[in-house]
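Student: The amino acid sequence is not available; the structure is as follows:
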């Protein structure tokens, strides 16, 4: 007879003890397992093209323009419809991508290694806020930015990381949680800790002082610079916890803009999905609920690993961005203890007397308590080509947890 | 008849509305009013040499070695005893210095301008933690560090600041308070915000990439890099509030290692002093209470301006450094509302629902409530030549507030 408690304890131990180190960058086609020239990766569970949301469509167009495979929307979509280009989830390739999460073969990606268990994960580079590919924008400005990131910034970051000997992202996150970040929508401290760690190396390895200055400026000005390495760090933690026989731990939560999907440690690679919700939040001037796409992105990997909305009590200032009050931020974290296995050993919350953040979502507890996980998120415009229009709070649909529990009971004959 | 409430409101307005901008650096002898080649500035109220504490003596020795005026302790002290070199408080020259605060003519100092009221203030450069001049150490390592700071770092910072067009230290502080700093003993976020603002300029203006890398590393590795500009920023705020007829606002709190001194807005340049206390705190391994010097330094200018221990609720993680619990940090801020005039308009505390930090100590309220201001502080070894041995919490002696109130009553015939 399987001991579920013991299985969950083991899975959570693996999640918490994973040591995520950023070791370098590489082109997606060279480093991501199974990546090839006719493949694009996207956020969330698998999706057929006819059900793809606006921001995902926009990002696919942008990525195919970036790859030189299409000149516009029509050419890009034809490549998908004709089956020349296929779409697969980032999560099927040890990768994660924020929002649309579209990652194409010649994009550089961060490489995170789990020094405890040996697995690796990947994530693309962060473009900043507003009109950006990951929110479905794809015009000439977006392309210029992606091109600069690829041709100028990525080689400098790669050389700087090589010179640094690698960056312990887990330690960086632990520090950032003591500096008002929750690691998902607020990565302000983490991003400048990242800058601080790499700045001397960037100065040394850059092909000239203007390039060094431009890269330092780009990393420093973008308060989400470190989000993508953080997501890949959370991915190695979650993957380390995946595949434990008899474990009801949630090891994936991800959205493709149409569906919200989860996977369970003890249920292999099967997804449980249902329609994603519209986030509740604060909109940039000129936008509102009617403009919002449904919840999208792999960045829920942060909540899966015990940070993000789960560590919201560490980040009271975030409420100016995602809505709510500092008291509600505290309550958000308190509530998440109800559905998690453990207080994190390394990610602690000063304002809660250094209590560990609630880590390891137990499917059983979600069902027992009726409490679904909280998620902090950006909000994309529902039409392709526009971009970010706000940020807010959302929860996955309860149905996917119910379906997963039924499947678990069947598989384990409980 | 003088209206004290109106006078205090005006003084507090001036303190809060002062806009402190870091505009550049200059040699102390060139920019500090009244500075000359035979003068050393020190922290706290005036003191005679026979009463000078160990760390102050050590720092004076170190500064005179740095200036090439002495080769050792004996030569340095002879110059003071013979009256060749005189000692005056930083505060008498629009300057502030942390711990011993010793500032010598050829040291570079930060220049802060108050764009609202036009006054300026100055502070030396921060050396980092441990065995450093400001804690009374003066050996060859300390000298090498000071020489590098002066010859390599200061010119780069000066050029970078010129290229940047100046840095709004008040805005930086407001942001740092949302990132877990209290702006006195914890300047971790502020220091990397400072790095972020200057990094691209440092890369561009440095005479070579190795120099750029070394300066970026020095600023980034020192979590107190921004303390000295912050102190000078608080000094322009406090000075802006000084000299308001009929105001009982405390506009200076400073310690020289022997005495704690205050000055009052409506009482001109008169000091009220009494023996400084030994801080209560946490010691570095191998040290304890018996090794501690009495409270020392001008860094209490931060509490005077409404941050530091007054904003401790913004910085729960600081308790690992200065002792106490996050709950006590909250209480510290709550208590300071009892003796202050106003909630700061720009310095807000997310965890307290963005309440403004308690700002503008009212002498009358200190006497009425019996509550003395709280101060966060570093702890120096009492012997010259050793350096920092810990950090902790301290309060000024009540007697100086009593003396000041008596003097106020006499001057204003109340």
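Tutor: Received it, and whenever you're ready, just let me know what you need. Just so it is clear, the model here is predicted, and its values are computed rather than measured.

Student: For residue A:260, what is the enclosing helix or strand?
Tutor: For residue A:260, the element it lies in under DSSP states H and E is strand A:259-264.

Student: List the strands paired with that strand, with their directions.
Tutor: The pairing partners recorded for strand A:259-264 under DSSP bridges are strand A:250-256 (antiparallel), strand A:272-275 (antiparallel).

Student: any low-confidence regions in the stretch 301-414 of chain A?
Tutor: Scanning the stretch 301-414 of chain A for pLDDT under 70 picks out nothing.

Student: what does it have sitting close to chain B?
Tutor: A:316, A:317, A:319, A:325, A:326, A:327, A:350, A:351, A:352, A:353, A:354 (C-beta under 8 Å from any C-beta of the partner chain). Every residue, glycine included, has its C-beta placed from N, CA and C.

Student: pretty sure the last one contacts residue A:348?
Tutor: Yes: using C-beta atoms under 8 Å, residue A:354 and residue A:348 qualify as a contacting pair, with a distance of 4.5 Å.

Student: if you count what's nearby, which of the two comes out ahead?
Tutor: For residue A:354 versus residue A:348, the count of surrounding residues by other C-beta atoms under 10 Å in any protein chain shown is larger for residue A:348: 19 against 15.

Student: quick one: secondary structure of the nearest residue to residue A:89 once chain neighbours are set aside?
Tutor: Leaving out its chain neighbours, the residue that sits closest to residue A:89 by C-beta to C-beta, 6 or more residues apart in numbering or on different chains is residue A:46, at 5.6 Å. Look at residue A:46: counting by DSSP: H, G, I helix; E, B strand; the rest coil, its state is coil.

Student: element containing the residue nearest to residue A:412 when sequence neighbours are not counted, please.
Tutor: Once flanking residues are discounted, residue A:412 sits nearest to residue A:2: 5.7 Å by C-beta to C-beta, 6+ apart. Under DSSP H and E, no helix or strand contains residue A:2.

Student: and residue A:74, which of the strands paired with strand A:259-264 is closest to it?
Tutor: With C-beta to C-beta as the criterion, residue A:74 lies closest to strand A:250-256 of the strands paired with strand A:259-264, at 22.3 Å.

Student: Now that closest one: buried residues?
Tutor: A:250, A:251, A:252, A:253, A:254, A:255, A:256 (16 or more other C-beta atoms under 10 Å in any protein chain shown).

Student: Turn those into CSV, columns for distance to residue B:282 and pLDDT.
Tutor: What follows is those, written out as CSV (distance: C-beta to C-beta, whole Å; pLDDT from 0 to 100):
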residue, distance to residue B:282, pLDDT
A:250, 40, 98
A:251, 40, 98
A:252, 42, 98
A:253, 40, 98
A:254, 44, 98
A:255, 45, 98
A:256, 50, 98
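
Student: Just name the closest of these to residue A:66, please.
Tutor: residue A:256 (19.9 Å).

Student: what about the closest one, distance to residue A:410?
Tutor: According to C-beta to C-beta, to the nearest Å, residue A:256 stands 26 Å off from residue A:410.

Student: and if you look at residue A:224?
Tutor: Distance, residue A:224 to residue A:410, by C-beta to C-beta: 41 Å.

Student: neighbour count winner among those two?
Tutor: Comparing residue A:224 with residue A:410 by other C-beta under 10 Å, the one with more neighbours is residue A:224, at 22 against 10.

Student: related to what we said a few turns ago, wouldn't the residue nearest to residue A:89 be in contact with residue A:90 here?
Tutor: No: taking contacts as C-beta under 8 Å, residue A:46 lies outside contact range of residue A:90: 11.0 Å.

Student: neighbour count winner among those two?
Tutor: Legend: neighbour count by other C-beta under 10 Å for residue A:46 and residue A:90, higher for residue A:90 (32 against 15).

Student: Return the residues of the stretch 51-200 of chain A in contact with chain B.
Tutor: By C-beta under 8 Å from any C-beta, the part of the stretch 51-200 of chain A that sits against chain B consists of A:178, A:179, A:180, A:188, A:189, A:192, A:193, A:195, A:196, A:197, A:199, A:200.

Student: mind redoing it with 6 Å?
Tutor: Residues of the stretch 51-200 of chain A lying near chain B by C-beta under 6 Å from any C-beta of the partner chain: A:178, A:179, A:180, A:189, A:192, A:195, A:196, A:199, A:200.

Student: Any of these buried? List them.
Tutor: Buried among those by 16+ other C-beta under 10 Å: A:178, A:179, A:180, A:189, A:192, A:195, A:196, A:199, A:200.

Student: Can you get me a residue count around residue A:145?
Tutor: By the criterion of other C-beta under 10 Å, residue A:145 has 18 neighbours.

Student: Looking at chain A, which strand is longest?
Tutor: Looking across chain A with DSSP state E, the single longest strand is strand A:340-349.

Student: ok so, going back, assess the claim that the residue nearest to residue A:412 and residue A:246 are in contact.
Tutor: Yes: here residue A:2 reaches residue A:246: they are 3.6 Å apart, a contact under C-beta atoms under 6 Å.

Student: Quick check on those two: which one has the bigger neighbour count.
Tutor: The residue with more neighbours, out of residue A:2 and residue A:246, is residue A:246; 20 against 14, by other C-beta under 10 Å.
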